[in-house]
Structure formats: structure tokens, C-alpha cells
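Asker: No sequence on hand, only this structure:
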């Protein structure tokens, strides 16, 4: 009998976020995106050593920074080249709910030439993690050189 090397409910690639305040991020993601907290493992100092949330059908793992282990979050590093794209049914409502929950709008919601309606957010815990919300529905049209 073959063993499934991917745990049930997970996908092949799973983001793992290292943050300055993982507990605040979990709270923001719960309020803004309807995340469900699956687990939280505090370390001896009370920081989050490992946590998992589910947004839609995707699990995101996260933890507090642990400099002694070489784990530094975006705030400590001065930014991040990473963003997470969330596909949601109602991008405008989700975007506005995230702002009301404390996220900072970096780019407003707008219709993109490639068919998405998207905006970019940064969490109030300042992980410098950009979150995008998009809703596909239009045909791709326009000059792709602008992309």
C-alpha cells in the first residue's frame, strides 16, 4: 500500500511565514480573511514556535522569529520579495474587511488588464508581507508589455 507523502488537507507547496508577532498575524488573518486556526505550539518563552491556519482550501504555517535558529521575519530583514495571492469570491469586500481589521492598503483595488480585480495589502503587524486579492472573470485583454 502506497503512503501519501502529502498530509491530508495540504498541498504540495505550503507557505511558512516567519513574523515578528505571529499571534497578531493570526488574529488579523482570522478577522480579514476568515482564517481558521488549526494549531498553535508555543515555545518555552511563550512565542509561537509553530502554528497553522487555513484560508479557504490552503494551509499557511507561521511562527515567531527565532534569531538563534536563523529565522528572521521581513521586518527584521527590511522587507520581503514574497507575496501571497488569495483568490476570493468578493475581492472588494475582502479587501475592505482587511483594511478595517488593521491591514494597510499598498495598492487600491482595481481591474487589471489580465482579468483580475486586485489590490495589495500589508498586515498591521508589519510583516511586510503583501497580500493580493483577485477575482478572475474577465478575458485577458490589453497590452501585456505593461505587465
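Answerer: Perfect, I can see it now. Just so we're clear, the structure is a prediction, and the values are computed from it rather than from any experiment.
Asker: drop to CA atoms for contacts and neighbour counts, all remaining ones
Answerer: OK.
Asker: Show me where the protein has its strands.
Answerer: Shown for the chain, the strands assigned by DSSP state E span residues 16-19, 36-42, 48-55, 58-64, 83-87, 104-111, 117-122, 130-134.
Asker: residues near residue 1, how many?
Answerer: Burial of residue 1 is recorded as 3 neighbouring residues (other CA atoms under 10 Å).
Asker: Distance from stretch 62-72 to the middle of the chain?
Answerer: Taking CA atoms, centre = their mean, to the nearest Å, one finds the center of stretch 62-72 at 18 Å from the center of the full chain.
Asker: Stretch 68-80 too?
Answerer: Using CA atoms, centre = their mean, the offset of stretch 68-80 from its chain centre is 16 Å.
Asker: for that stretch, which positions count as buried?
Answerer: 72, 73, 74, 75 (16 or more other CA atoms under 10 Å).
Asker: Residue 4 is nearest to which of the strands of the chain?
Answerer: Of all these, strand 58-64 sits nearest to residue 4, with 17.2 Å by CA to CA.
Asker: And the contacts of the closest one?
Answerer: 9-11, 14-22, 47-54, 73 (CA atoms under 8 Å, 6 or more residues apart in numbering).
Asker: Mind naming the longest helix for this structure?
Answerer: Selection of the longest helix in the chain by residue count, based on DSSP state H, yields helix 22-33.
Asker: Can you pull up the most central residue in this structure?
Answerer: Nearest to the mean C-alpha position of the chain, by CA atoms, centre = their mean, lies residue 84 at 5.0 Å.
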